[in-house]
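# coordinates for the following, if possible.
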Amino acid sequence: MSVMEVIAKKVKVRTAHRGSAMKLLNCLKDRLSDEENPVEKFWLKESIQSMRLKIVLLKTLDDQIIELLQVKRLGVLKSVSRKKLRMVIQ
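I've put the predicted structure just below:
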């Protein structure tokens with residue numbers, strides 16, 4: 001698999017995770033703004049934890065994509081250790 005194919009795949013995965021994070025965020029906003037139905041504490045804690053996990057995942061994907069773009073831009077696959085490249089690709 002070429003570097004560009006890996007980048008495209010990671011971008012698609014990131015887009016899907018960002019979409020689900022935005023959906024969760026909108027759900028949280030709607031539930032918190034609804035004055036008639038109070039929010040359950042457990043649901044709120046679980047939702048906040050899910051958002052934190054999504055943020056970490058998105059940051060990780062961003063870092064991996066940036067690193068792959070740098071590798072592609074520099075065209076210096078030889079200087080990047082194969083082990084590190086495999087970690088980023090996975």
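
# from here on, contacts and neighbour counts on C-alpha atoms
OK.

# kindly provide the distance from the residue nearest to the spatial centre of the chain to residue 45.
The centre of the chain sits closest to residue 58, judged by C-alpha atoms, centre = their mean, with a distance of 2.1 Å. According to C-alpha to C-alpha, to the nearest Å, residue 58 stands 20 Å off from residue 45.

# kindly report the same for residue 31.
Taken as C-alpha to C-alpha, the span from residue 31 to residue 45 is 13 Å.

# same question, residue 71
Residue 71 is 39 Å from residue 45, by C-alpha to C-alpha.

# more neighbours: which of these two?
residue 71 (17 against 11; other C-alpha atoms under 10 Å).

# what about that one, helix or strand, and which?
helix 41-74 (DSSP states H and E).

# looking just at contacts, which helices and strands does that helix meet?
Applying 3 or more C-alpha pairs under 8 Å, 6 or more residues apart in numbering; DSSP states H and E, we find helix 41-74 packed against helix 3-33, helix 82-89.

# got the buried residues for the longest one?
Of the residues in helix 3-33, those buried by neighbour count under the rule 16 or more other C-alpha atoms under 10 Å are 6, 7, 10, 11, 14, 17, 18, 21, 24, 25, 28, 31.
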